[in-house]
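**Q** return a 3D structure for these sequence lines:
(one chain, ligands or ions: 2)
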Amino acid sequence: MFTILVADSISKEGLQPLLEMTNAKVIQKKVTDPESYLDEIDALLVRSATKVDEALLDKMPRLKIIARAGVGVDNIDVEAATRKGIVVINAPDGNTISTAEHTFAMMASMMRNIPQAHQTVKNLEWQRNDFIGTELFGKTLGILGMGRIGTELAKRAKAFGMNIHVFDPFLTKDRAGKLGVELCTLDEVLEHADIITVHTPLTAETKGLINEHALSKTKKGVFFLNCARGGIIDEQALAKYIGNGHVAGAALDVFETEPPGENPLLKFDHVIATPHLGASTKEAQLNVASQVSKEVRLFLEEKPVSNSINLPAISKDIYEKIRPFHQMSKQMGSILSQCIKEGIQELSITYSGTVTELETSYLTKATLAGFFKNRIAVNVNEVNALLTAKERGITVGEKISADPFGYANCLTVTAKAEEKSFVIRGTYIDNYGPRIVFLNGFNIDFLPEGNLLYIQHRDRPGVIGRVGKILGDHSINIATMQVGRKEIGGEAIMVLSFDKPLDDHSLALLNQLDDIVSLNRIHL
Ligand SMILES: NC(=O)c1ccc[n+]([C@@H]2O[C@H](COP(=O)([O-])OP(=O)(O)OC[C@H]3O[C@@H](n4cnc5c(N)ncnc54)[C@H](O)[C@@H]3O)[C@@H](O)[C@H]2O)c1
Ligand SMILES: O=C(O)CC[C@@H](O)C(=O)O
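**A** Ligands and ions are numbered 1, 2, ... in the order given. Below is the predicted model of the structure:
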């Protein structure tokens, strides 16, 4: 049974895919509410009100996925989540149109003084001369950040006869041409635009993108809009430039601190504001809620998700092809980890045959996840596998080889420790399943599943019988047994599987037998 916490106000209709799950319970409470049962939560859904920081994550040991019903994930410590193997997803385009429309509405309102004029009429005044506006037609709109919202805004502004100048370091000239906008440098936009609007994410690079230095390059009488994130425009600098009459007005939906409280910007008549309403439409809220709900459900059903911030995106079709190898990679990593025991310096995987046509990097991460599973307390999965390896000084390598050792496909994983190495090879046989076909120098053939015992011994008559006798005397049923050897009388191995885990006492007795070199219990 999964427990899902919906911590912010999210459209109930959009939550339907989760509410319909028979194996999940949905709790709608703030994270500060004692009845949010943080230590039991598997999935967390938020908008921007809940700050998902490391301290909160520490209280949620079972958490597997955080879903942001919206675009910006700046209220989530994605780095900490990644370290803990928690997938972070968002709803990247569910509120694009609403936010573009809101920005346009703010721009039109600001240029025609609508909020201020509205207030006077409500106050029973009739001041027609105080509210002379400015047409949008023929003006230059500077858009900083030409992503989803910037692009939708540009379309609407073009329809109003505006010239669009854009700064976005990731926008190509070709795409700018197709969108009918002029690609500029930041300085060019600052120097020529009549109205400047920001639509970037808030990052270390965009924080203070519009600061005093940038403002000093703008035309006198310029207008500003921020419907993206507080802090992209430095509020102190903006207040200074509105105060000295250089900036003619600003329309703000977002603030450095929300709610903004006694913010000096709000004292200016020429500043209009809304309380972070960009995405506040019925349509956007339904879109983002149902987008993330569907994704969380897919994730809990162990199906691939598409809008992950920290997990490689993989389509459903691709995942269906990769799924058998995915499971086998995890099992191989786990076997390796339980056989080699000590710390390793290197883990390399060679792929050959048909598996090379798939997304092998995903399998490499799954192998690492399997390897770390029983070694470290942190949940390691495809999200944080490479980071975990790096933090532990393990070099991870991936190779493609033309030799599949006679199989249609084959994965060979080698772990190198200081003084020894261990090699495991597996193949997936259609309509049959995964098989481990090589273990530390021995050809073998077993199913990587359940409770296994890997015995290294000398190839002498009677060893198998003595092992069988001890197990039989202790009522331990051997489900399967596979043997392998290199040469007659030399080293040999056995891999046995049991219906239940082998107990310590029987293991100790087996260890005392002559000709036994080593024993490894493997639990998969
Ligand atoms: N007010 C609201 O309610 C509301 C609603 C939705 C989104 N947003 C915010 O709007 C912003 C844009 O959202 P989006 O969906 O269009 O995102 P997006 O990822 O589609 O677009 C962001 C664009 O910014 C560009 N960019 C990144 N760094 C830049 C830089 N240093 N200079 C210039 N451009 C840069 C990127 O190349 C990209 O094209 C985000 O901050 C998001 O959180 C606010
Ligand atoms: O949840 C909201 O209403 C704000 C959404 C918006 O800021 C976003 O980044 O998607």
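
**Q** residue nearest the centroid of the chain?
**A** Asn310 (2.7 Å; C-alpha atoms, centre = their mean).

**Q** for Gly138, see how far away that residue is.
**A** 45 Å (C-beta to C-beta, to the nearest Å). Where you see a C-beta, it was placed from the backbone N, CA and C, and this is true even at glycine.

**Q** please verify my assumption that the residue nearest to the centre of the chain contacts Ala80.
**A** No - Asn310 is not in contact with Ala80 according to C-beta atoms under 8 Å; the separation is 10.8 Å.

**Q** now do the contacts for the residue in the stretch 101-250 of the chain that ligand 1 sits nearest to.
**A** Nearest to ligand 1, among the residues of the stretch 101-250 of the chain, is Gly147, at 1.7 Å (C-beta to the nearest ligand atom). Shown in contact with Gly147 (C-beta atoms under 8 Å, 6 or more residues apart in numbering): 168, 199-200.

**Q** residues in contact with Asn95?
**A** Asn95 touches 70-71, 278-279, 281, 284-285, 287-288, counting by C-beta under 8 Å, 6+ apart.

**Q** residues contacting whichever residue of the chain sits closest to ligand 2?
**A** Nearest residue of the chain to ligand 2 (C-beta to the nearest ligand atom) works out as Gly70 at 2.6 Å. Residues in contact with Gly70 (C-beta under 8 Å, 6+ apart) are 47-48, 90-91, 94-95, 279, 288.

**Q** the residue of the stretch 101-250 of the chain closest to ligand 1 and Val71, how far apart?
**A** 9 Å.

**Q** next: Gln456.
**A** 55 Å.

**Q** the more surrounded of those two?
**A** Higher neighbour count among Gln456 and Val71: Val71, with 24 against 18, using other C-beta atoms under 10 Å.

**Q** that one belongs to a helix?
**A** No - per DSSP: H, G, I helix; E, B strand; the rest coil, Val71 lies outside any helix segment and is coil.

**Q** mind listing what it touches?
**A** Residues counted as contacts of Val71 (C-beta under 8 Å, 6+ apart) are 90-92, 95-96, 148, 201, 279.

**Q** which pLDDT value goes with it?
**A** On pLDDT, Val71 comes in at 92.

**Q** the residue of the stretch 401-524 of the chain found nearest ligand 1 pairs with what?
**A** Closest approach between the stretch 401-524 of the chain and ligand 1, counting by C-beta to the nearest ligand atom: Leu411, at 36.0 Å. For Leu411, the beta-bridge partners under DSSP bridges are Tyr351, Gly426.

**Q** need the contact list for it.
**A** Applying C-beta under 8 Å, 6+ apart to Leu411 gives the contacts 325, 328-329, 332, 349-351, 355, 363, 367, 425-427.

**Q** got a markdown table for the residues you listed, with neighbour count, pLDDT and distance to His192 too?
**A** Formatted as a markdown table, the contacts of Leu411 follow (neighbours: other C-beta atoms under 10 Å; pLDDT from 0 to 100; distance: C-beta to C-beta, whole Å):
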| residue | neighbour count | pLDDT | distance to His192 |
| --- | --- | --- | --- |
| Phe325 | 26 | 95 | 55 |
| Met328 | 25 | 96 | 59 |
| Ser329 | 30 | 97 | 54 |
| Met332 | 27 | 98 | 60 |
| Ile349 | 22 | 98 | 54 |
| Thr350 | 19 | 98 | 56 |
| Tyr351 | 23 | 97 | 53 |
| Val355 | 25 | 96 | 54 |
| Leu363 | 25 | 94 | 51 |
| Thr367 | 31 | 97 | 54 |
| Arg425 | 22 | 98 | 63 |
| Gly426 | 26 | 98 | 62 |
| Thr427 | 26 | 98 | 63 |
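
**Q** which of the residues you listed sits closest to Ile233?
**A** Leu363 (44.8 Å; C-beta to C-beta).

**Q** helix or strand: which one has the closest one?
**A** helix 360-372 (DSSP states H and E).

**Q** quick one: contacts of the next helix or strand after that helix?
**A** Sequence-wise, the next helix or strand downstream of helix 360-372 (DSSP H and E) is helix 385-391. For helix 385-391, the external contacting residues (C-beta under 8 Å, 6+ apart) are 82-83, 347, 364-366, 368-369, 372, 376, 378, 380, 395-396.

**Q** which strands or helices does the lengthiest helix in the chain pack on?
**A** Taking DSSP state H as the criterion, the chain has its longest helix at helix 316-340. Applying 3 or more C-beta pairs under 8 Å, 6 or more residues apart in numbering; DSSP states H and E, one finds that helix 316-340 makes contact with helix 360-372, strand 409-417, strand 421-429, strand 433-439, strand 451-458, strand 516-523.

**Q** these two touch, right, Asn443 and Gly484?
**A** Yes - using C-beta under 8 Å, Asn443 is in contact with Gly484, at 5.4 Å.

**Q** excluding chain neighbours, what is closest to whatever residue of the stretch 251-400 of the chain ends up closest to ligand 1?
**A** Relative to ligand 1, the nearest point of the stretch 251-400 of the chain is Gly278 (2.5 Å; C-beta to the nearest ligand atom). Nearest residue to Gly278 in three dimensions, chain neighbours excluded: Thr99, at 3.8 Å (C-beta to C-beta, 6 or more residues apart in numbering).

**Q** enumerate the residues of the stretch 51-200 of the chain near ligand 1.
**A** Contact residues, the stretch 51-200 of the chain versus ligand 1 (C-beta under 6 Å from any ligand atom): 70-72, 95-96, 99, 144-150, 167-170, 199-200.

**Q** ok, back up a step: neighbour count winner among Asn443 and Gly484?
**A** Taking neighbours as other C-beta under 10 Å, Asn443 and Gly484 compare with Gly484 leading, 20 against 13.

**Q** look up the residues forming beta bridges with the more buried one.
**A** Applying DSSP bridges to Gly484, the residues it is bridged with are Ile493.

**Q** who's in contact with it?
**A** Per C-beta under 8 Å, 6+ apart, neighbours of Gly484: 439, 442-444, 492-493.

**Q** got the residues of the stretch 251-400 of the chain near ligand 2?
**A** 276, 278-280.

**Q** counting neighbours, which of those comes out on top?
**A** Ala279 (26 neighbours).

**Q** need the pLDDT of it.
**A** 97.

**Q** so the residue nearest to Gly278 touches Thr281, yeah?
**A** No - at 9.2 Å, Thr99 and Thr281 do not qualify as touching, with contact defined as C-beta under 8 Å.

**Q** those two: who's more crowded?
**A** Legend: neighbour count by other C-beta under 10 Å for Thr99 and Thr281, higher for Thr99 (25 against 16).

**Q** helices or strands next to the host helix or strand of Ser506 in the packing?
**A** Per DSSP H and E: Ser506 is located in helix 504-511. Applying 3+ C-beta pairs under 8 Å, 6+ apart, one finds that helix 504-511 makes contact with strand 451-458, helix 463-473, strand 516-523.

**Q** thank you, goodbye.
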